[in-house]
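>>> The following block contains a protein sequence and its predicted model.
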Amino acid sequence: MIRAVGVLIALLWAIAVAVLTFPDFFRVERVAPIAQIIAFRGAIVLVLAAVAAVSLIALLARPVRTFAAAILLVSLAGALVTGSTLAQRGLGAASLPAKTETSVRVLTWNTAGEATSAEEIAQLAVAMAADIVSLPETTIETGEAVAIAMREMGHPMWAHHTDYGGWDAGSTTLLIAPELGDYAVIASSQDGSSNTSTVPSAVAMPTSGSGPIVVAAHAVAPREGYMADWRSDLQWLADQCAADSVILVGDFNATVDHFGGLGVDGGDLGRCTDAASVSGNGAVGTWSTSLPALLGAPIDHVLVTPAWRVSGSLVVTSLDDVGSDHRPLVVQLEPAS
């Protein structure tokens, strides 16, 4: 009887580890509670390593040696595969390449509303020489203050936004440098007729020049009661990558693991590719700042269509005590042609 229980536990553990290691194979990457757990792959590696360590010690006890060996092997395999996945996505590139005449720098930072001041946002954007700044949970009043502060620092920007009202998370602000041309947020973003479900995104189209379509993204978090909305938001964001030249940037409340099945033509989400994952930062957590970067969830992204080549990225970890619970992500892009 005891042996049967041990076999059952070992089997259930193997299934659990397999599901967390290959969620897309089992098609559960957007199903609760798997979706919430796999957002923290770094923490999963630590848990699996801890279980393996305990199992290694348990091998000394003869009565449970077979059971402990099974748990050890499964845990080690899961930790190695998951760790390898994180390493392939990138454990942290420390700097950006020099900006060229054709480079476009893109910054996203969920500012958590009033937790982050306009001056702090402006200083970072200017320091990073950002041409596009996506600011989920930021009102247009704060966005305009950021643009004014950046102008006074010699780096002018135009401010755009969408607003569902009610609270800071109901606003998303987008700043775009005049050098990229004139932009306007499309009407369906403004009135919500085609947008993310609960918190707004902003689709900005160029009205002059030849700049890309820029989407400041904000998907609802996958909390209880919002799972269907979250899945719908990710599909809507994937659909925004249909055009040739798109930069999709913001807080997706999803890691690349959650994008399973949503990519087309080799993209991660629609036709868009995750910039951090191809430039050494795909495994670096942008949320929450209360966790070490490699244990956090990389849910803030810059995604681009094949019209753009990613030349570098950087997750800013030096502002963890500023107030926001998100880390800024900066990506440098070059025209692919």
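Thanks, I have the structure now.
>>> Helices of the stretch 1-150 of the chain, residue ranges please.
Taking DSSP state H, counting those that start in this stretch to define them, one finds helices in the stretch 1-150 of the chain at 2-21, 23-26, 34-38, 41-58, 65-89, 118-127, 140-152.
>>> Now the second one: buried residues?
Within helix 23-26, the residues that count as buried by 16 or more other Cβ atoms under 10 Å are Pro23. (Glycine included, C-beta is placed from N, CA and C.)
>>> Need the residues that contact it.
Helix 23-26 has contacts (Cβ atoms under 8 Å, 6 or more residues apart in numbering) with Ala18, Val19, Glu29, Ile34, Ile38, Asp257, Gly260, Gly261.
>>> one more time with 10 Å, if that's ok
Residues from elsewhere that reach helix 23-26 (Cβ atoms under 10 Å, 6 or more residues apart in numbering): 15, 18-20, 29-31, 34-35, 37-38, 257-261.
>>> cool, and the last one?
By Cβ under 10 Å, 6+ apart, the surrounding residues in contact with helix 140-152 are 111, 113-114, 116-126, 130, 133, 135, 138-139, 155-163, 168, 171-177.
>>> what's the following helix or strand after that helix?
Later in the chain than helix 140-152, the nearest helix or strand by DSSP states H and E is strand 158-163.
>>> Flag every buried residue along that next one.
Residues Trp158, Ala159, His160, His161, Thr162 are the ones in strand 158-163 that count as buried (16+ other Cβ under 10 Å).
>>> May I have the strands that pair with it, each with its orientation?
strand 171-176 (antiparallel) (DSSP bridges).
>>> just checking, what packs against the helix or strand just after the strand it pairs with?
Moving toward the C-terminus from strand 171-176, the first helix or strand encountered (DSSP H and E) is strand 183-185. The contact analysis (3 or more Cβ pairs under 10 Å, 6 or more residues apart in numbering; DSSP states H and E) places strand 183-185 against strand 158-163, strand 171-176, strand 202-206, strand 213-218.
>>> Just give the strands next to the last one in its sheet, each with its orientation.
Strand 213-218 has the following strand partners under DSSP bridges: strand 202-206 (antiparallel), strand 246-251 (parallel).
>>> Select, out of the helices and strands packed on strand 183-185, the one closest to Val304.
Closest approach to Val304 among the helices and strands packed on strand 183-185 is made by strand 213-218 (10.6 Å; Cβ to Cβ).
>>> Just the helices from the stretch 201-337 of the chain, written as ranges.
Ranges of helices within the stretch 201-337 of the chain are 227-239, based on DSSP H, counting those that start in this stretch.
>>> For Val304, give its distance to Leu248.
Distance of Val304 to Leu248, computed by Cβ to Cβ, to the nearest Å: 7 Å.
>>> Over to Ser84?
Applying Cβ to Cβ to Ser84 and Leu248 gives a distance of 27 Å.
>>> Which residues are in contact with Val215?
Val215 neighbours (Cβ under 10 Å, 6+ apart): 134, 174, 189, 196, 201-205, 236-237, 240-241, 246-250, 272, 303.
>>> where does Ser134 sit relative to Thr85, distance-wise?
From Ser134 across to Thr85, the span is 27 Å (Cβ to Cβ).
>>> repeat for Leu73
Leu73 sits 19 Å away from Thr85, going by Cβ to Cβ.
>>> cool, Asp274 as well?
Distance from Asp274 to Thr85, by Cβ to Cβ: 13 Å.
>>> cool, and Leu76?
Using Cβ to Cβ, Leu76 is found at 15 Å from Thr85.
>>> tell me the domain boundaries of the protein?
Domain assignment of the chain by automatic domain parsing yields the ranges 2-89, 104-335.
>>> deepest of those domains, which one?
domain 104-335 (a mean of 21; mean count of other Cβ atoms under 10 Å).
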